[in-house]
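# With the input below, show me the fold.
(one chain, ligands or ions: 1)
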Amino acid sequence: MPASLLPDVHIPAVSVYESVFGGLSDEDLGSVAIIDGGSGAETTFGELRAHVDAIAGALAARGVVLGDVIGLLCPNIPAFASVFHGILRAGATVTTINSLYTAEEIGAQLKDSGAAWIFTVSPLLAGAAAAATAAGIPAERVVVLDGAEGHPSLRDLLTAGEPAPEISFDPATQIAVLPYSSGTTGRPKGVMLTHTNLVANVAQGIGAIGVEKGERVLAVLPFFHIYGLTVLLNYALTLRAVLVTMPRFDLVEFLRITSEHRCNWLFIAPPIAVALAKHPVVNAYDLSSVKVVFSGAAPLNGALAEAVATRLGCIVAQGYGMTEASPATHVIPLARPDIDRSSVGFALPNTESRVIDPETGLDVVVPDAGQSEPGELLVRGPQVMAGYLGRPDETAATIDADGWLHTGDLATLDAEGIYRIVDRLKELIKYKGYQVAPAVLEAILLQHSGIADAAVVGADDEDGQEIPKAFVVLQPGVELGADEVIAFVAGRVAPHEKVRVVEFIDVIPKSTAGKILRRELRGR
Ligand code: 4UU
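Below is the predicted model:
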């Protein structure tokens with residue numbers, strides 16, 4: 001049953017700028033687009049578009065041309081929207097950088113993507129500046145939004161008074177964003193998403209769940225990750241909803257902002273659902289404005305979803321996808337409260353989807369009642385990436401000759417067309433919805449002189465959430481505690497990439513070809 005059961009939607013062949021800002025009415029121009037959740041400062045659609053145009057003009061005047069790559073290292077603040085869309089408006093490509101990254105990680109991404117500029121904020125400048133130096137980006141191309149000695153600021157760009165350039169390109173091939181994802185194996189790679197990929201995923205989302213004009217959408221999930229970028233930044237703005245931004249998650253601040261700004265939609269990852277279901281402090285806030293809690297980026301437990309729905313008196317829905325698919329491919333439509341919340345619902349409009357036996361490559365048999373056997377989930381549609389930047393082999397290993405994206409996730413399918421994600425074939429770990437690449441952590445562990453071999457896999461914590469766990473083989477005669485191993489890694493990675501549990505083991509199980517047998521380790 002490959003085609004989606006949801007009716008197809010029209011996907012306009014336009015740029016992201018045209019799609020988000022093209023149809024603004026006079027009334028829209030005066031209505032609020034973004035509220036800074038901390039300060040309450042408001043930006044209207046008219047102001048936002050003026051900022052986008054001004055940034056595009058200033059960048060063009062400073063030599064930015066079609067296809068240049070620009071790094072964006074910035075937490076969720078209203079200016080993120082202006083800068084992101086301003087860069088696209090100038091014809092350049094944004095490589096979104098995780099704001100928790102170490103200087104080394106930022107530098108690696110700047111170099112790999114060939115970034116010529118980076119935009120950041122002063123609290124992140126130390127890492128950004130070190131990374132820019134390593135990548136050969138001069139200080140005049142390190143923009144510090146809130147200002148810093150020796151760097152251009154957002155104000156400098158906004159007041160440059162240059163008109164936005166007239167740039168024309170083919171939205172179907174022009175790369176809009178280059179987020180990094182490790183995909184099914186190895187280290188993070190640049191995911192080439194075109195303007196059409198992003199425009200399509202917004203249109204497909206509208207075909208399945210509808211945020212209404214003027215509704216308030218809490219934007220706590222980071223805009224640098226594809227979930228926040230597409231579902232919050234592009235989808236909510238296209239629908240003329242109001243984004244309420246939060247630069248980092250803190251439960252009390254999350255509840256305060258939701259209650260104070262009367263947010264209607266909470267887009268979250270499962271760990272926030274755990275807090276909403278269980279934490280006593282939730283009772284202290286009026287959350288009656290919340291209409292929908294939408295979870296994605298990691299598996300949502302059905303009982304947990306029920307507990308959130310009951311406690312908040314709202315709809316709980318779930319979406320599934322991946323960076324390589326812009327990201328959304330499956331969703332529980334809002335109009336289907338009867339569907340099991342632990343499922344990921346139907347394939348989105350214009351999305352074909354299959355479940356295949358990974359051994360034979362044949363489609364699984366879907367029984368009249370109950371679930372099919374688990375198999376690898378494949379998707380095909382206008383939201384699927386153009387490929388990994390500069391990595392044709394990895395691209396070919398992920399998107400087959402017929403255009404099917406091999407997700408590396410194991411799913412089941414039922415006769416109604418409902419998909420359930422049941423496990424992962426690929427080595428990727430999700431910690432709080434963030435990607436953690438085992439290959440990166442294994443390479444770091446092997447740098448320790450006392451460690452002979454190591455493998456990192458996902459394990460469950462007491463709330464059923466995934467955490468990175470290291471299996472470590474010590475060199476003969478070496479004594480090393482779990483705490484020392486954890487600290488060694490923690491000093492070299494972003495906080496979400498830390499190893500959380502260590503188990504010492506005599507030998508790492510491997511195939512005859514030397515591949516780590518991860519499922520065997522996860523089963524221990
Ligand atoms: C089980 O996390 C994402 C995309 C998230 C997202 C959120 C809301 C997509 C659509 C939407 O509507 O992307 P990545 O690239 O960081 O991680 C992708 C991987 C998937 O391959 C899968 O293993 O994250 C896991 N994943 C999920 N797993 C993503 N969503 C789910 C889910 N259930 N709902």
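
# Need phi/psi at Ala307.
phi -60, psi -40 (degrees, to the nearest 10).

# give me every residue that touches Leu229.
Each residue near Leu229 by Cβ atoms under 8 Å, 6 or more residues apart in numbering is listed here: Phe84, Thr96, Val177, Pro179, Phe223. C-beta coordinates here come from the backbone N, C-alpha and C atoms, glycine included.

# Determine which two of those residues are furthest apart.
Taking Cβ to Cβ, the two most distant members of the contacts of Leu229 are Phe84 and Pro179; they sit 11.8 Å apart.

# Spatially nearest residue to Gly296 (excluding sequence neighbours)?
Distance criterion Cβ to Cβ, 6 or more residues apart in numbering; nearest residue to Gly296, sequence neighbours excluded, is Gly319 at 4.2 Å.

# right, and that neighbour touches Leu334 too?
No - with contact defined as Cβ atoms under 8 Å, Gly319 does not count as touching Leu334 (11.1 Å).

# Show me which of those two is the more surrounded one.
Gly319 (24 against 15; other Cβ atoms under 10 Å).

# Downstream of the helix or strand that contains the more buried one, the next helix or strand is which one?
For Gly319, the element it lies in under DSSP states H and E is strand 315-321. Next in sequence after strand 315-321, counting helices and strands by DSSP H and E, comes strand 328-331.

# The helix or strand following that following strand - contacts with which helices or strands?
As assigned by DSSP H and E, the chain's next helix or strand after strand 328-331 is strand 346-347. Strand 346-347 is packed against strand 328-331, with contacts defined by 3 or more Cβ pairs under 8 Å, 6 or more residues apart in numbering; DSSP states H and E.

# Give the pairing partners of the strand it packs on; include direction for each.
Looking at strand 328-331 with DSSP bridges, its partner strands are strand 315-321 (antiparallel), strand 346-347 (antiparallel).

# and the first one, which residues are buried?
Right, strand 315-321. Using 16 or more other Cβ atoms under 10 Å as the test for burial, strand 315-321 gives Ile315, Val316, Ala317, Gln318, Gly319, Tyr320, Gly321.

# got the contact list for the residue nearest to Gly296?
Val231, Phe294, Ser295, Gly296, Ala328, His330, Val331, Ile332, Val344, Gly345.

# Kindly report the same for Pro476.
Here Pro476 is in contact with Ala452 (Cβ under 8 Å, 6+ apart).

# Could you pull up phi and psi at it?
phi -60, psi 130.

# how near is it to Thr360?
Here the criterion is Cβ to Cβ, to the nearest Å. By it, Pro476 lies 44 Å from Thr360.

# Could you do Asp463 as well?
Per Cβ to Cβ, Asp463 is found 37 Å from Thr360.

# okay, these two: which has more neighbours?
Asp463 (15 against 9).

# so that one, which of the three states?
Put simply, Asp463 is coil when judged by DSSP: H, G, I helix; E, B strand; the rest coil.

# How about it: what's its closest non-neighbour residue?
Val274 is the one closest to Asp463 (Cβ to Cβ, 6+ apart), at 4.9 Å.

# List the contacts of that neighbour.
By Cβ under 8 Å, 6+ apart, the neighbours of Val274 are Leu304, Asp463, Gln465.

# Okay, strands next: where are they in the stretch 151-300 of the chain?
Assigned by DSSP state E, counting those that start in this stretch, the stretch 151-300 of the chain shows strands spanning 175-177, 180-181, 189-194, 216-219, 242-245, 265-268, 292-295.

# Between those strands, which one is closest to the ligand.
Among the strands of the stretch 151-300 of the chain, strand 180-181 comes nearest to the ligand, with 4.7 Å by Cβ to the nearest ligand atom.

# Look up phi and psi at the residue nearest to Ser511 when sequence neighbours are not counted.
Sequence neighbours aside, Leu517 is the residue nearest to Ser511 in space, at 6.1 Å (criterion: Cβ to Cβ, 6+ apart). The phi and psi values for Leu517, taken as degrees, to the nearest 10, are phi -90, psi 80.

# on that earlier part again, any idea which of the contacts of Leu229 is closest to the ligand?
Pro179 (8.1 Å).

# does that closest one really touch Ile226, like I thought?
Yes - assessed by Cβ under 8 Å, Pro179 is found in contact with Ile226 at 5.3 Å.

# can you list residues touching both of those two?
With Cβ under 8 Å, 6+ apart as the test, Pro179 and Ile226 both reach Val191, Leu193, Thr323.

# okay, these in TSV with pLDDT and neighbour count next?
Shown next, in TSV, are the shared contacts of Pro179 and Ile226 (pLDDT from 0 to 100; neighbours: other Cβ atoms under 10 Å):
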residue	pLDDT	neighbour count
Val191	98	28
Leu193	99	29
Thr323	98	24
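
# Now do Ser288 against the ligand, distance only.
25 Å (Cβ to the nearest ligand atom, to the nearest Å).

# What count of nearby residues applies to that residue?
11.

# what's the answer for Val281, then?
10.

# residues touching it, list them.
Val281 touches Leu251, Val252, Leu255, counting by Cβ under 8 Å, 6+ apart.

# now swap in Val344 and tell me
Contacts of Val344 (Cβ under 8 Å, 6+ apart): Gln318, Gly319, Tyr320, His330, Val331, Ile332, Ala411, Tyr419, Arg420, Ile421.

# Provide a PyMOL selection command restricted to the buried entries of those.
Under the burial definition 16+ other Cβ under 10 Å, those of the contacts of Val344 that qualify are selected in PyMOL by:
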select buried, resi 318+319+320+330+331+332+411+419+420+421
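
# From the contacts of Val344, pick the one nearest the ligand.
Gly319 (2.3 Å).

# Give me the pLDDT for that closest one.
You'll see Gly319 listed with a pLDDT of 98.

# one step back: now the residue nearest to Gly296, which residues is it bridged with?
Val331.

# Against Ala347, how distant is it?
For Gly319 relative to Ala347 (Cβ to Cβ), the value is 11 Å.

# ok, now Gly205?
Per Cβ to Cβ, Gly205 is found 13 Å from Ala347.

# Also Ala369?
Counting by Cβ to Cβ, the gap from Ala369 to Ala347 is 21 Å.

# Next: Leu218.
According to Cβ to Cβ, Leu218 stands 27 Å off from Ala347.

# With neighbour numbers in mind, choose between those two.
Ala347 (30 against 24).

# hang on, the more buried one packs against Ser4?
Yes - assessed by Cβ under 8 Å, Ala347 is found in contact with Ser4 at 4.2 Å.

# Give me the common contacts of those two.
Ser353.

# For Gln174, which non-adjacent residue is closest in space?
Spatial nearest neighbour of Gln174, excluding adjacent residues (Cβ to Cβ, 6+ apart): His195 at 5.4 Å.

# ok, the one you found - contacts?
With contact taken as Cβ under 8 Å, 6+ apart, His195 is in contact with Val14, Ser15, Val16, Leu88, Phe169, Pro171, Ala172, Gln174, Ala176.

# Are any of those buried, and if so which?
For the contacts of His195, buried by 16+ other Cβ under 10 Å: Ser15, Val16, Leu88, Pro171, Gln174, Ala176.

# one step back: make a ChimeraX selection of whichever of the contacts of Val281 turn out to be buried.
To isolate the buried ones among the contacts of Val281 in ChimeraX, judged by 16+ other Cβ under 10 Å, type:
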select :255
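
# Among the contacts of Val281, which ones are in helices?
Counting by DSSP state H, the part of those found in helices is Leu251, Val252, Leu255.

# Adding distance to the ligand as columns, could you present those residues in JSON lines?
As requested, those are exported to JSON lines (distance: Cβ to the nearest ligand atom, whole Å):
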{"residue": "Leu251", "distance to the ligand": "20"}
{"residue": "Val252", "distance to the ligand": "25"}
{"residue": "Leu255", "distance to the ligand": "22"}
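
# How many residues are close by whichever residue of the stretch 151-300 of the chain sits closest to the ligand?
Using Cβ to the nearest ligand atom, the closest approach of the stretch 151-300 of the chain to the ligand is made by Gly296 at 2.4 Å. Gly296 has 24 neighbouring residues, counting by other Cβ under 10 Å.

# How about Arg248?
12.
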